[in-house]
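Novice: with the input below, show me the fold.
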Amino acid sequence: MKKGCLHSTAIFKYSLTLILGILAVSAALCSNAHPNLAGAWQGMIVHYMREGRFEKAAVPLNLMVTEQKARLIKGRLGFSKGGKNVEKGFVGVISPDNKKFYLACTDESYAFGEMITPGRISLSFTQGGNKPGAASASIARGMHVFTSKKELLSKGAIGLTGFWRGDEATVNSRGIEKRKARIICAFPEERGRLLEGARGWAENGSRKTRNFSGSAVSGERFILSDYEGGYTVADVLSKEVVFTYYLHSGKDAKASVTGLGKGRKGESVADRMLNKRRLPKLRGTWQGTAKVATTKGLPSAGVLVEYVIKKQNKRTFFGTKTVRLRDRSESEGFYGVIGADNKSLFIAEEREGYAFGKILPGGSLYIQHL
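Specialist: Numbering: from 1, shown residues only. Sure, this is the predicted structure:
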């Protein structure tokens, strides 16, 4: 049994309440070195519409972090969309790099943030399924200069326009699939940090396509929302290689990792990285303590959480997660992939949850659930 640092956040649903928990037994990860996000942040946000058009103007965004305990935060945000004022609550967690953080909003959308400076944040919002869409925002506080509408709409593109090809490895309830998927991704347009595109592949003798829209968190990562459900996180490794991690939670949960290349050289490099054999061994049992926070308040007590990774094949793995609450235990299956850096974990759960993790030195895990 692997004991030690299993540091994680988790969102479960009880009625309409989103719950975020963080698993921690490492004093280092719970230290006071994390940034202080409490207070008011202001800036601009621009949305992408499913109808295939970008909104012409950015609108003001107000975000208030009302409470912070260590790496956990909660608060509310508001902006105008389609002539209506939108307000929603959120809970979130700060990553161990003290730069990235993740938000789960009460309307079932998600946000991925990155600290650009101590007073400026880049945010990418995404929502898949029946109400797909993406949004990009830049917020600041204090005396820092706010991003202008023109800058938000015209800057930040990361050069993805064109066709990318590569293979995919998938894990779901049927097990780990080994196949040459020959995924083709097309990015016909980028406008500032927003982008749109489609991916196509052959399945059972027929060709399938899936549209998406997304937003760049930084010059090295972007987030996509799928029009048929699910989300994709992508890492830009070079001008010729991109790795994508598709996650779909719920009854038909699955996780996929795709190595995409532009041109023959890019495809060759992506294929070698995708099929790398010497990767971290995750199979086994991992345990930790979870502090559970809701939008009503941040945690003070914790619960036990256990991850059992039953099988791993190169970058794909699956297993069972068990949360031991005061009066009961809850278990669910999960499916995950290892990122291109051989340290990042991307996980889809059977109860509508998503997780993003990191393999830390010394054989420990840090996992954040949304």
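Novice: from now on I want contacts and neighbour counts done on CA atoms only, so please keep to that.
Specialist: Fine.
Novice: Ser206 pairs with what?
Specialist: Glu203 (DSSP bridges).
Novice: got a pLDDT number for it?
Specialist: Model confidence at Ser206, given as pLDDT, is 81.
Novice: how about Thr244?
Specialist: Note on Thr244: pLDDT of 94.
Novice: got a list of what it touches?
Specialist: Thr232, Val233, Ala234, Asp235, Val257, Thr258, Gly259, Leu260 (CA atoms under 8 Å, 6 or more residues apart in numbering).
Novice: Arg120 is in contact with Ala137, isn't it?
Specialist: No: when contacts are counted by CA atoms under 8 Å, Arg120 is not listed as touching Ala137 (10.8 Å).
Novice: and these two? which has more neighbours close in?
Specialist: Neighbour comparison, Arg120 and Ala137: the larger count goes to Ala137, with 27 against 21 (by other CA atoms under 10 Å).
Novice: state the distance from that one to Ile94.
Specialist: As for Ala137, its distance to Ile94 is 18 Å (criterion: CA to CA, to the nearest Å).
Novice: which intervals of the stretch 101-250 of the chain have sub-threshold pLDDT?
Specialist: Applying pLDDT under 70 to the predicted model, the residue ranges of the stretch 101-250 of the chain that meet it are 128-132, 142-158, 178-182, 188-192, 227.
Novice: let's see that with 90 instead.
Specialist: Filtered on pLDDT under 90, the stretch 101-250 of the chain yields the residue ranges 101-111, 116-120, 122, 125-138, 141-163, 174-231, 250.
Novice: where along the stretch 1-150 of the chain do the helices fall?
Specialist: 149-154 (DSSP state H, counting those that start in this stretch).
Novice: ok, residues contacting stretch 101-111?
Specialist: Among residues not part of stretch 101-111, those counted as contacts by CA under 8 Å, 6+ apart are 17-18, 88-95, 112-114, 123-128, 370.
Novice: no, scratch that, I was asking about stretch 166-179
Specialist: The contact list for stretch 166-179, computed with CA under 8 Å, 6+ apart, reads 180-184, 252-261, 267, 270-271, 274, 313, 315-318, 335-336.
Novice: quick one: buried ones out of those?
Specialist: Among these, those scoring as buried are 181-184, 253-261, 267, 270-271, 274, 313, 315-318, 335-336 (criterion: 16 or more other CA atoms under 10 Å).
Novice: mind checking which of the residues you listed are in strands?
Specialist: 183-184, 254-261, 313, 316-318, 335-336 (DSSP state E).
Novice: max-length helix in this structure?
Specialist: helix 263-274 (DSSP state H).
Novice: now Tyr307: which helix or strand?
Specialist: In this structure, Tyr307 is located in strand 302-313 according to DSSP states H and E.
Novice: name the nearest residue to Arg71, sequence neighbours excluded.
Specialist: The shortest distance from Arg71 to any residue other than its chain neighbours is 5.0 Å, reached at Ile94 (CA to CA, 6 or more residues apart in numbering).
Novice: if we can go back for a sec, and the longest helix of the chain, what does it pack onto?
Specialist: strand 162-172, strand 241-248, strand 254-261 (3 or more CA pairs under 8 Å, 6 or more residues apart in numbering; DSSP states H and E).
Novice: tell me the mean pLDDT over the next helix-or-strand element following it?
Specialist: Helices and strands here follow DSSP H and E; after helix 263-274, the next one along the chain is strand 284-294. For strand 284-294, the mean pLDDT works out to 78.
Novice: report how many residues lie close to Asp327.
Specialist: Under the neighbour criterion other CA under 10 Å, Asp327 is assigned a count of 5.
Novice: before we move on, what about Gly197?
Specialist: Other residues close to Gly197 by other CA under 10 Å number 21.
Novice: right, and it touches Thr209 too?
Specialist: No: in this structure, Gly197 is not within contact of Thr209 by CA under 8 Å, at 10.4 Å.
Novice: how far away is Leu365 from Val337?
Specialist: Distance of Leu365 to Val337, given as CA to CA: 14 Å.
Novice: of the two, who's got more company?
Specialist: More neighbours sit around Val337 than around the other of Leu365 and Val337, counting by other CA under 10 Å; the figures are 29 against 26.
Novice: show me what that one is bridged to.
Specialist: According to DSSP bridges, the residues that bridge with Val337 are Thr316, Phe346.
Novice: among the contacts of stretch 101-111, name the buried ones.
Specialist: For those, a neighbour count by 16+ other CA under 10 Å gives the buried set as 18, 89-95, 112-114, 123-128, 370.
Novice: I'd like to know the beta-bridge partner residues of Met64.
Specialist: Counting by DSSP bridges, Met64 forms beta bridges with Ala40, Arg76.
Novice: isn't it up against Trp41?
Specialist: Yes: checked against CA under 8 Å, the pair Met64 and Trp41 is within contact range at 6.1 Å.
Novice: and Thr66, how close does it get to Gly113?
Specialist: Thr66 sits 17 Å away from Gly113, taking CA to CA as the criterion.
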